[in-house]
Every structure is written in C-alpha cells, then in structure tokens.
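Asker: need a structure here:
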Amino acid sequence: MTSHVNHAAGSGTIYRVVSALMSYPQPELIAALPEIEQALQGEAALADALPALQPLLHHLQSVPLLTLQENYVDTFDRSAALSLHLFEHIHGESRDRGQAMVDLLEEYRSQGLEPATSELPDYVPLFLEFLSLLSQDRAALLLGEAIHVLAAIGQRLQRRDSPYAAPLLLLTRLTEVVPREQDDPPVRDMDEAMEVFGPGADGVEPLLKPGPGGVQPLHFHPRQHARSAVPSATQSAPGRPA
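Answerer: Numbering: from 1, shown residues only. The predicted model follows:
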C-alpha cells in the first residue's frame, strides 16, 4: 500500500521543497540543502519524504555546480518529453497555449501572487511554489489537475535513472487522483507548429494567440474533443542558458 504524506500537516513544506529541488541549480540552492533536509526532518508528517528525496539531495551536494547545471539543461531543455513546462505536454505549440498561460497567470494573480521571475507560469517549480501558498483544499484540487503530467515526467525520469524522478513521484502521494497514462508531448518546433496549425486570419503565429471567450477554467490534461489539436509553452529558467 502506497504511503501518503499527511496533506494537512506537511504538504505546504513538500511543495516548497520539491519546487526548490526541481529548480535550475544555483549556489543559493546548494547552500540551502542542509536547511531543506532539516525542514523535512523537523516534521513528523514528512517522515516518508526524506528517504525518497535523499538520492537527489546527495546528488546536488556531491556533484560540482557547473556539472549540475549542464546536466539540468541536458535533461529538461533537450527533450520535450521531460520539459518542466506543464502545458508543453498538453498543448505543444498550438494557439491554445497562449490562453492556457493567461488562465494560469490569472489564477496566480487571483491569489495575490505576481510571479517575480522570467519563467512562464506553467514552469513546474513556480507552479509548486504557488501551491504551497494556497489552502489545503485548493492546492489539492490544482495538484489533482496537474498530477497526470507531473507523474508522467517523473516516470520518464525514473526510466532514465534520473535522481530528479523522486520529487515528482512524491507528489502523487499528496492527491487521491490516480495519474492517467499520457501520450508523448505534441509538436514543439515552431516551424512544424505553423505547418500543422497555420497562422490565424490576422497572420499571428499560433504560439501566443489568445483563444476566444476570455479566461477559461484551468485544464492540465487535454480536453477530449480537442485531443488532435492540443497546445503548450516553454522558456529557460532564470540564469540558465536559453
């Protein structure tokens, strides 16, 4: 039987910890690793989390920073299947991608959060930091929407023996939603996207063209009726090479 982290007592800390560990390695993160480990040890509700995260903590502590940064880029920026942008796995480069970004940014702002980062709103560490600020019920609802993509990335990382698999798979313990099998991400290349979807009537490329109807409910999995024309987004993390 799968062990679950106590959501009420420990999930806010877990969201913050996983957000930090999944971020582009910077000196500040490496310096904070002992504090992160202490935070996990200090909450009984998180007793199961530390052993699961220990391989990544050790990896970050023992590998030179430049190598960590190179490995991070090679892992997450070179493969659409491992992208840390949620909507890339759903929308590719279709014109729905821009509206999905607007919707998520509006969700952040509705909670009084203005992301102070150059990253797009669906960047996994940013999304998890946002969840850590929400009420238990609201965070669980949004995690349940996103868990299908998060678990799929984690499983792909696990098949590659990546230490980054554990934090994402740990998130599956925070929701009762059972992750669904995910298809490979849609097209990523803009030229291919233009060929598949074409420009709008006004000549706007599909990447950031707003959809009709204003802000829509958040969706982290493809709508069934739109599965053949799904949309998404990517951008490099602060301080990492584009």
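
Asker: remind me which residues of the protein are low pLDDT?
Answerer: The model of the chain has pLDDT under 70 over residues 1-11, 91-95, 116-117, 182-242.

Asker: how about a cut-off of 80?
Answerer: Applying pLDDT under 80 to the chain flags residues 1-11, 42-47, 90-98, 101, 114-119, 180-242.

Asker: could I get the full set of helices for it?
Answerer: All helices of the chain, identified by DSSP state H, fall at 7-21, 27-41, 49-62, 65-76, 88-91, 96-110, 124-132, 136-159, 165-170, 190-197.

Asker: CA-only coordinates of the shortest one in PDB, if you can.
Answerer: Output in PDB follows, covering the C-alpha atoms of helix 88-91 (Å, rounded to 0.1, in the frame of the first residue of the first chain):
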ATOM      1  CA  GLU A  88       4.100  21.700 -23.300                       C
ATOM      2  CA  HIS A  89       2.900  18.200 -22.600                       C
ATOM      3  CA  ILE A  90      -0.700  19.200 -23.400                       C
ATOM      4  CA  HIS A  91      -0.700  21.900 -26.000                       C
END
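
Asker: can you check which of the helices of the chain gets nearest to V177?
Answerer: Ranking the helices of the chain by distance to V177, with Cβ to Cβ as the measure, places helix 136-159 first at 3.9 Å. Bear in mind the C-beta positions are built from the backbone N, C-alpha and C, glycine included.

Asker: what angle sits between the closest one and helix 65-76?
Answerer: 100 degrees (axes from the mean of the first three to the mean of the last three Cα atoms, to 10 degrees).

Asker: send the alpha carbons of helix 136-159 over as PDB?
Answerer: Output of helix 136-159 as PDB, limited to C-alpha atoms (Å, rounded to 0.1, in the frame of the first residue of the first chain):
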ATOM      1  CA  GLN A 136      -5.100  22.700   1.600                       C
ATOM      2  CA  ASP A 137      -8.300  22.100  -0.500                       C
ATOM      3  CA  ARG A 138      -7.400  24.500  -3.300                       C
ATOM      4  CA  ALA A 139      -3.900  23.100  -3.500                       C
ATOM      5  CA  ALA A 140      -5.200  19.600  -3.700                       C
ATOM      6  CA  LEU A 141      -7.600  20.500  -6.400                       C
ATOM      7  CA  LEU A 142      -5.000  22.000  -8.600                       C
ATOM      8  CA  LEU A 143      -2.500  19.300  -7.900                       C
ATOM      9  CA  GLY A 144      -5.100  16.800  -8.900                       C
ATOM     10  CA  GLU A 145      -5.500  18.500 -12.300                       C
ATOM     11  CA  ALA A 146      -1.700  18.600 -12.900                       C
ATOM     12  CA  ILE A 147      -0.700  15.200 -11.400                       C
ATOM     13  CA  HIS A 148      -1.200  13.400 -14.700                       C
ATOM     14  CA  VAL A 149       1.600  15.400 -16.400                       C
ATOM     15  CA  LEU A 150       3.800  15.500 -13.300                       C
ATOM     16  CA  ALA A 151       3.600  11.800 -12.800                       C
ATOM     17  CA  ALA A 152       4.400  11.200 -16.500                       C
ATOM     18  CA  ILE A 153       7.500  13.300 -16.300                       C
ATOM     19  CA  GLY A 154       8.500  11.500 -13.100                       C
ATOM     20  CA  GLN A 155       8.000   8.100 -14.700                       C
ATOM     21  CA  ARG A 156      10.100   9.100 -17.700                       C
ATOM     22  CA  LEU A 157      12.900  10.300 -15.500                       C
ATOM     23  CA  GLN A 158      12.700   7.100 -13.500                       C
ATOM     24  CA  ARG A 159      13.200   5.100 -16.600                       C
END
